[in-house]
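> next input, structure requested:
(4 chains)
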There are 2 protein chains.
Amino acid sequence: MANPAQLTTVMKTLADPTRRALFERIAREGEVAATGLVKGSKVSQPAISQHLKALRDAGLVTERREGRHVHYRVASKALEPLADWLDHYRAFWRERLGRLEMLLKETQR
Amino acid sequence: MANPAQLTTVMKTLADPTRRALFERIAREGEVAATGLVKGSKVSQPAISQHLKALRDAGLVTERREGRHVHYRVASKALEPLADWLDHYRAFWRERLGRLEMLLKETQR
DNA sequence: ACAACATATAAGCATTTACTTATGTTTCTT
DNA sequence: AAGAAACATAAGTAAATGCTTATATGTTGT
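Okay, here's the model as predicted:
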């Protein structure tokens, strides 16, 4: 169901610590302008701008222009590809571990 | 709770498509020798070996040597850092969306 | 002991990435 | 209209990444 290419993009985008920190700040603050993100960051304004573009392209954040400010917020379905992938493997393992446990109990008695 | 550095490592490791595919194959097959992974892969044996090292270093797989074969399997807590991080943000959003809904209902009446 | 097999390591290379500084572009303020 | 503010884009660069071929290391069967 989840497009593998999209999953790759999401993972690659969030794998970078500074970019992920940016994403987390946007999530925490609800809605932030780019300037707000530049302040309190160690990297330059262009770096922030480039990271925001990456987050946008990955579908992780949405932007809302208001005058000369651009406000960012987390996209509602941002982490869905990641969550889907994880849930798939979690379910898979529950099943696998379930079978393993049953096997162990049978061999033990 | 989840170490950010470890999360970064896990994400970076799984972000690469061929490496993730390798991980998924190990998960599906339960336990595979490296040779088994080389077969049916488009990259060379050393490439596989390097990817396996990366997966090992990230704590995503464990190895079990048996003669000249090395069998790989998914580590039981492999995806815990990722899952923890995701759950944290999921909970966070439920709360945020919950508040938003309450706010909307209040302003509507 | 020796050849074949399974895997790891080394070295090299092209591409990608995460920055930087410099410069646009648009919008607000005065 | 002019300057400042908020952002984006361009160009350059050092480091990281994912591969390759060649070679080493360890193990098994004959």
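> from now on I want contacts and neighbour counts done on CA atoms only, so please keep to that.
OK.
> ok and the residue in chain A nearest DNA strand C?
A:G67 (3.1 Å; Cα to the nearest atom of the strand).
> with adjacent residues omitted, what lies nearest to the residue nearest to the spatial centre of chain A?
Geometric centre of chain A, nearest residue: A:L79, 4.9 Å, by Cα atoms, centre = their mean. Ranked by Cα to Cα, 6 or more residues apart in numbering or on different chains and with sequence neighbours excluded, the top spatial neighbour of A:L79 is A:L60, at 7.2 Å.
> measure that neighbour to A:D84 for me?
Applying Cα to Cα, to the nearest Å, the value for A:L60 to A:D84 is 15 Å.
> quick one, phi psi at the residue nearest to the centre of chain A?
phi -100, psi 10 (degrees, to the nearest 10).
> check whether whichever strand or helix holds A:Q50 contacts chain B.
Using DSSP states H and E, A:Q50 maps to helix A:45-57. No - with Cα under 8 Å from any Cα of the partner chain as the measure, helix A:45-57 is seen stopping short of chain B, the closest distance being 14.8 Å.
> quick one: average pLDDT of that helix?
Computed over helix A:45-57, the mean pLDDT rounds to 98.
> that one vs DNA strand C: in contact?
Yes - Helix A:45-57 reaches DNA strand C (Cα under 7 Å from any atom of the strand) through A:Q45, A:P46, A:A47, A:H51.
> can you flag the buried ones in those residues?
A:H51 (16 or more other Cα atoms under 10 Å in any protein chain shown).
> which one of the residues of helix A:45-57 next to DNA strand C is nearest B:K39?
A:H51 (38.1 Å; Cα to Cα).
> flag every residue of chain A that's near chain B.
A:T8, A:T9, A:M11, A:K12, A:L14, A:A15, A:D16, A:P17, A:L79, A:A83, A:L86.
> identify the farthest-apart pair in these.
A:P17 and A:L86 (20.2 Å).
> so where is chain A shaky, pLDDT-wise?
A:1, A:96-101, A:103-109 (pLDDT under 70).
> ok, back up a step: so which of the residues of helix A:45-57 next to DNA strand C reach DNA strand D?
Counting by Cα under 7 Å from any atom of the strand, the members of those near DNA strand D are A:Q45, A:P46.
> how near is the residue nearest to the centre of chain A to A:R65?
Taken as Cα to Cα, the span from A:L79 to A:R65 is 23 Å.
> returning to what we had before: surely the residue nearest to A:L79 meets A:A75?
Yes - between A:L60 and A:A75 a contact is recorded at 5.3 Å, counting by Cα atoms under 8 Å.
> between these two, which one's more packed in?
Ranked by neighbour count (other Cα atoms under 10 Å in any protein chain shown), A:L60 and A:A75 place A:L60 first, with 22 against 15.
> rewinding a little: quick one: contacts for the residue nearest to A:L79?
A:V10, A:V74, A:A75, A:K77, A:A78, A:L79 (Cα atoms under 8 Å, 6 or more residues apart in numbering or on different chains).
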